[in-house]
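[1] Here's my sequence, what's the structure:
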Amino acid sequence: MTDATCPAPQPYHQTDFPPEEFASRRRRVFERIGSDVVAVVQGLGASGAFDIFRQTNEFYYLSGVELPHACLLLEGATRKSILYLPPRDAKLERSEGALLYADDKQTAMTLTGVDDVRPLGSLADDVRETRSIYAPQAPAEGRQACRDTLLHARGQIDADPFDGRPSDEAHFRGRLAATAVHAEFHDLSPILDELRMIKSPRELALMRRAGRLTALAVNEAIRSTRPGLMEYQLGAVADYVFSVNGARGGGYRPIIACGSNIWNAHYYRNNAPLVDGELILMDYAPDCGYYTSDIGRIWPVNGTYSPWQRELYSFIVEYHKALLRRIRPGVTADVVMDESAADMEPVVEQTA
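    Next up, the predicted model:
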């Protein structure tokens, strides 16, 4: 096939959301930051590993771009969105296929709905005279990482006398401050957190898909369970279900705990055998287009609940029902938890 008959390969770009949805999300950011400021969001850098690149949740939420070393600038005064991309890496493209670079300006604008695309190196000049900058200060969530785990890791780094390196967010803010020397900085994370709490129909569809795949994986794991298997073998069953249905692996590391391992809430070694007469806990869900689920289930290894196991599981089921009864629009998670705890008091007293 000649060049004349072979169409040029198109850069990879996600298909879960249209550019209009990303533009709508950016408009809501503009509404909250005001007109005399800019917001700057940095994407994830290259890891150097032979892995499949996964963008941070925050950067993906605003752009859909899955390329290392990208940045997004939101100009409050003009309400324009400017995407900054690295220059073309011809060697990498020959190896991995077409990617989205600054050279692909029109294509990038069409795919993401931004108003302009510029080389990454021009960001410094564009913010140099800025007096007020919003940038995320909370740790950016990435593959199998949530804010809680990232903050815990941050504490470990800070406590290490031979480490103590700044976070990616602090480093980026420092580089911006060295360029925009007169700028006052504000935290964009609370604004993004608030926006991300309300899900669009497309987001809800991905979340439901993650829930369905989780249920499928748990059902297959239950059917596969028998004494003598290893915990990790049930994880392999779930991984197959996720992958064969198009998910990008697990949304977090699998928790597959048999017997006393259940007492460790985030047990992860999954290297113990399944023992006859014991219970097994499975908590694992897929990454479906940057959205996941969180479903935990407990069942007996031999397929039959003993009397005390049935009593324990019935208690969990009652708590589950209490939570579902109390979940409704207009209340916080703390209210739901407090009301459910009150509903469970008679059950606890009866069990005791």
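[2] C-alpha from now on. contacts and neighbour counts both.
    OK.
[3] May I see the domains of this structure written out as residue ranges?
    The record, using automatic domain parsing to delimit domains, assigns the chain the ranges 19-197, 201-304, 315-352.
[4] In this protein, which helix is the longest?
    helix 201-224 (DSSP state H).
[5] Give me the neighbour count for T110.
    12 (other Cα atoms under 10 Å).
[6] so what's it up against?
    By Cα atoms under 8 Å, 6 or more residues apart in numbering, T110 lies in contact with P19.
[7] host element of it?
    Applying DSSP states H and E as the criterion places T110 in helix 105-112.
[8] In terms of secondary structure, what does the following helix or strand past that helix contact?
    The C-terminal neighbour of helix 105-112 among helices and strands, as given by DSSP H and E, is strand 116-119. Counting contacts by 3 or more Cα pairs under 8 Å, 6 or more residues apart in numbering; DSSP states H and E, strand 116-119 is packed against strand 80-85, helix 105-112.
[9] Quick check: which of these is nearest to L74?
    L74 sits nearest to strand 80-85 of all these, at 4.7 Å, using Cα to Cα.
[10] Show me what that closest one packs onto, helices and strands only.
    Where contact means 3+ Cα pairs under 8 Å, 6+ apart, strand 80-85 is packed against strand 71-75, strand 116-119.
[11] What angle do strand 80-85 and the first one make with each other?
    Looking back up the chat, that one is strand 71-75. Per axes from the mean of the first three to the mean of the last three Cα atoms, to 10 degrees, the angle that strand 71-75 makes with strand 80-85 is 160 degrees.
[12] how about the CA coordinates for strand 71-75, as PDB?
    Extracted in PDB, the C-alpha atoms of strand 71-75 (Å, rounded to 0.1, in the frame of the first residue of the first chain):
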ATOM      1  CA  CYS A  71      -0.900  21.600  30.600                       C
ATOM      2  CA  LEU A  72      -4.100  23.500  30.500                       C
ATOM      3  CA  LEU A  73      -4.600  27.300  30.900                       C
ATOM      4  CA  LEU A  74      -8.000  28.800  31.600                       C
ATOM      5  CA  GLU A  75      -8.000  32.600  31.000                       C
END
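[13] E194 in helix, strand or coil?
    Following DSSP: H, G, I helix; E, B strand; the rest coil, we place E194 in the helix state.
[14] measure it to R27 for me?
    To R27, E194 is 14 Å away according to Cα to Cα, to the nearest Å.
[15] Of those two, which one has the most company?
    R27 (17 against 9).
[16] ok, that one - contacts?
    R27 makes contacts with R79, as judged by Cα under 8 Å, 6+ apart.
[17] Can you pull the phi/psi pair for it?
    phi -60, psi -40 (degrees, to the nearest 10).
[18] For it, give its distance to T15.
    R27 is 21 Å from T15, by Cα to Cα.
[19] same check, this time on F59
    When Cα to Cα is the yardstick, F59 and T15 sit 16 Å from each other.
[20] do P190 as well
    Per Cα to Cα, P190 is found 27 Å from T15.
[21] D343: neighbouring residues, count only.
    As a burial measure, D343 scores 17 neighbours (other Cα under 10 Å).
[22] Same question for W263.
    Using other Cα under 10 Å, W263 has 11 other residues around it.
[23] How about the contacts made by it?
    By Cα under 8 Å, 6+ apart, no residues touch W263.
[24] Distance of it relative to D294?
    Separation of W263 from D294 (Cα to Cα): 18 Å.
[25] before we move on, the earlier item: buried set for the helix holding T110?
    Neighbour counts using 16 or more other Cα atoms under 10 Å place 105, 107-109, 111-112 of helix 105-112 among the buried residues.
[26] Including pLDDT, could the residues you listed go into JSON lines?
    Putting these into JSON lines (pLDDT from 0 to 100) gives the following:
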{"residue": "K105", "pLDDT": "95"}
{"residue": "T107", "pLDDT": "96"}
{"residue": "A108", "pLDDT": "96"}
{"residue": "M109", "pLDDT": "97"}
{"residue": "L111", "pLDDT": "96"}
{"residue": "T112", "pLDDT": "97"}
